[in-house]
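S.K.: pasting the sequence and the predicted model now:
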Amino acid sequence: MVRIIPMASSIKPHSRLWVLQGTPASAFLSPSPILIVESLYFISHASQSFGLRTSKLFKGKSGGVSLSGARSAAQASTATTQENALEWVKKDKRRMLHVVYCVGDLDRTIKFYTECLGMKLLRKRDIPEERYTNAFLCYGPEDSHFVIELTYNYGVDKYDIGAGFGHFGIAVDDVAKTVDLIKAKGGIVTREPGPVKGGQTVIAFIEDPDGYKFELLERGPTLEPFCQIMLRVGDLDRSIEFYQKAYGMELLRKRDNPEYKYTIAMMGYGPEDKNAVMELTYNYGVTEYDKGNAYAQIAIGSDDVYRTAEAIKLSGGKITREPGPLPGISTKITACHDPDGWKTCSHDFVGHVSWSNFEFLASSRSYSDFHPVAIVFNGRCKSGSPCVNVNGCFIFSVRICCSDGLPGCDLSYVALLRNSTEFCPFARDSQPSPHARLCGASSAGNLLGAVTTTTCLLRWACISLVGY
Ligand SMILES: C[C@@H](O)C(=O)SC[C@H](NC(=O)CC[C@H](N)C(=O)O)C(=O)NCC(=O)O
Ligand SMILES: [Zn+2]
């Protein structure tokens with residue numbers, strides 16, 4: 001079994017040294033179900049340095065503190081700590097990562113989004129043990145585009161979208177042409193193309209197969225066509241303040257529309273025509289909405305979910321999932337409800353791995369999809385690119401599903417992968433970092449270990465690590 005032993009940091013004041021111990025490297029050649037190699041990797045643990053800074057606050061002039069002085073120092077330090085936490089949010093490198101919602105028929109939705117809205121299907125992920133399947137779609141590489149994560153729960157073909165969810169916004173260069181295409185494909189148009197009431201932008205509204213509303217907005221070419229998530233809120237200024245303080249979002253635009261009795265606020269991390277933004281809508285006098293059970297959450301990237309959770313608490317958000325790693329992989333998340341009860345999840349930055357190619361030895365089954373579950377860089381260089389530690393280890397967890405999806409053939413493991421080739425006896429050519437190879441054992445062995453019903457053999461996969 002894997003034992004992770006946190007050790008007192010003796011290397012850098014802001015990083016924690018973890019030693020991952022397990023079976024020796026010979027495991028590569030034996031079909032052990034879990035492959036762990038001895039190695040060393042660092043997790044930069046920003047909160048430690050945060051703690052370090054806080055501890056300095058308690059030192060009085062003479063090094064000691066009187067009782068009353070202690071109290072005012074403690075109050076001062078609390079205020080400073082809170083100020084630090086909120087200040088940190090503004091410096092944290094953030095991005096809107098994905099939106100999660102449920103659909104009643106995955107292939108029906110994938111067909112609509114790809115044929116009518118021009119999205120690309122990135123991958124599907126079936127989790128039979130949890131009885132759900134995900135599909136990931138977006139308009140470009142997921143390390144730089146906002147992703148739609150659809151959830152199909154086995155046997156559930158209908159959801160209540162509720163009154164609080166407004167729409168997703170898709171920027172297109174010709175709304176009328178897109179509407180014609182959608183009509184030709186049998187799609188539902190609920191609002192014909194034309195200028196938005198009270199404005200000039202040409203819009204139209206359509207509905208997807210589950211009834212989710214999509215606003216089509218006529219705009220010039222954009223890097224990010226998926227441009228809005230509109231949610232209705234009961235107190236606009238309360239929401240603006242929350243997303244500014246807890247999530248470091250910027251108020252990009254606020255527009256009151258007294259004629260139609262609503263106000264909108266665009267919140268995000270960059271200009272609306274280049275980024276997915278949250279469109280918060282306040283309808284005069286409406287303070288609460290039924291949220292249904294269809295829309296789930298948005299996920300926002302963060303360098304440190306622990307400090308993000310602190311800022312959320314200080315900003316009046318309710319933490320619904322304490323910060324920490326997801327089971328089995330190292331990606332760390334936290335989740336909260338905003339003042340209206342909309343759920344937002346924070347993920348620490350995980351590099352996105354695109355499998356440029358892979359080759360399998362002949363095996364009793366071929367693989368339907370081979371996709372990384374997550375990869376966690378061991379820290380971030382000042383330049384913002386992912387760091388590698390002294391011996392270049394990354395840690396990643398890979399889930400490989402066999403084509404016929406028989407139970408027990410779903411294999412996950414956590415392995416350390418050096419970004420140099422001496423670690424990979426079967427590396428065919430030494431590719432400099434960030435390319436690395438997940439190397440297989442000899443044909444007799446099995447890097448990924450035997451699974452209950454069969455042995456999935458992997459020879460090697462060339463992984464190009466695309467960090468944030
Ligand atoms: C800025 C653009 O992305 C919009 O979505 S504004 C579109 C406008 N929104 C509203 O009317 C919001 C209030 C409404 N009561 C609600 O809760 O959705 C809209 O939908 N206009 C309709 C039109 O035909 O222009
Ligand atoms: Zn909108």
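M.R.: Yep, that arrived. Ligands and ions are numbered 1, 2, ... in the order given.
S.K.: near ligand 2, which residues of the protein are found?
M.R.: 169, 215, 228, 230, 279 (C-beta under 5 Å from the ion). C-betas here are computed from N, CA, C, even on glycine.
S.K.: quick check: closest non-adjacent residue to the third one.
M.R.: Spatial nearest neighbour of Gln228, excluding adjacent residues (C-beta to C-beta, 6 or more residues apart in numbering): Gly169 at 2.7 Å.
S.K.: which strands and helices sit next to the helix or strand hosting that neighbour?
M.R.: Using DSSP states H and E, Gly169 falls within strand 165-172. With contacts taken as 3 or more C-beta pairs under 8 Å, 6 or more residues apart in numbering; DSSP states H and E, strand 165-172 sits against strand 213-218, strand 226-232, strand 277-283.
S.K.: in CSV, list those strands along with distance to Leu117.
M.R.: Listed next are those as CSV, based on distance: least, C-beta to C-beta, whole Å:
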stretch, distance to Leu117
strand 213-218, 7
strand 226-232, 9
strand 277-283, 18
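S.K.: in TSV, list those along with mean neighbour count and distance to ligand 1.
M.R.: Formatted as TSV, the helices and strands packed on strand 165-172 follow (neighbours: other C-beta atoms under 10 Å; distance: least, C-beta to the nearest ligand atom, whole Å):
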stretch	mean neighbour count	distance to ligand 1
strand 213-218	22	5
strand 226-232	22	5
strand 277-283	23	5
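S.K.: quick one, helices of the chain?
M.R.: In the chain, the segments counted as helices under DSSP state H are 46-56, 67-91, 106-115, 175-184, 236-245, 305-314.
S.K.: pLDDT of the longest one, averaged?
M.R.: If I follow you right, that is helix 67-91. The average pLDDT for helix 67-91 rounds to 69.
S.K.: can you pull the contacts of the residue of the stretch 51-200 of the chain found nearest ligand 2?
M.R.: Closest contact between the stretch 51-200 of the chain and ligand 2, by C-beta to the ion, is at Gly169 (4.6 Å). Contacts for Gly169 (C-beta atoms under 8 Å, 6 or more residues apart in numbering) come out as 214-215, 217, 226-230, 279.
S.K.: the residue of the stretch 251-400 of the chain found nearest ligand 1 and Gly166, how far apart?
M.R.: At 3.7 Å from ligand 1, Tyr262 is the closest residue in the stretch 251-400 of the chain, using C-beta to the nearest ligand atom. According to C-beta to C-beta, to the nearest Å, Tyr262 and Gly166 sit 10 Å apart.
S.K.: so between those two, which is more surrounded?
M.R.: Shown here are Tyr262 and Gly166; by other C-beta atoms under 10 Å, Gly166 has more neighbours (20 against 17).
S.K.: near ligand 1, which residues of the stretch 201-350 of the chain show up?
M.R.: 215, 228, 230, 232, 260, 262, 264, 279, 281, 283 (C-beta under 6 Å from any ligand atom).
S.K.: the last one and Gly211, how far apart?
M.R.: If I follow you right, that is Asn283. Distance from Asn283 to Gly211, by C-beta to C-beta: 20 Å.
S.K.: dump stretch 87-104 to CSV, restricted to CA.
M.R.: Taking Å, rounded to 0.1, in the frame of the first residue of the first chain, the C-alpha atoms of stretch 87-104 are listed here in CSV:
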residue,chain,number,x,y,z
GLU,A,87,-5.7,40.2,-0.7
TRP,A,88,-4.3,36.9,-1.7
VAL,A,89,-7.4,36.1,-3.7
LYS,A,90,-6.7,39.0,-6.0
LYS,A,91,-3.2,37.7,-6.7
ASP,A,92,-4.2,34.1,-7.1
LYS,A,93,-4.0,33.0,-10.7
ARG,A,94,-7.6,32.0,-11.6
ARG,A,95,-9.7,30.9,-14.5
MET,A,96,-13.2,29.6,-15.1
LEU,A,97,-12.6,25.9,-15.7
HIS,A,98,-15.9,24.2,-16.4
VAL,A,99,-19.6,24.1,-15.7
VAL,A,100,-21.4,20.9,-14.6
TYR,A,101,-25.0,20.1,-15.3
CYS,A,102,-27.2,17.0,-15.8
VAL,A,103,-28.8,15.8,-19.0
GLY,A,104,-31.2,12.9,-19.6
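S.K.: just the buried positions in it, please.
M.R.: For stretch 87-104, a neighbour-count test (16 or more other C-beta atoms under 10 Å) marks 88-89, 92, 94-104 as buried.
S.K.: cool, stretch 258-267 as well?
M.R.: 262-267.
S.K.: stretch 333-346 now?
M.R.: 333-336, 338-340, 342-346.
S.K.: could you do stretch 134-144 as well?
M.R.: 135-140, 142-143.
S.K.: the residue nearest to Gln228 and ligand 1: what is the separation?
M.R.: According to C-beta to the nearest ligand atom, to the nearest Å, Gly169 stands 5 Å off from ligand 1.
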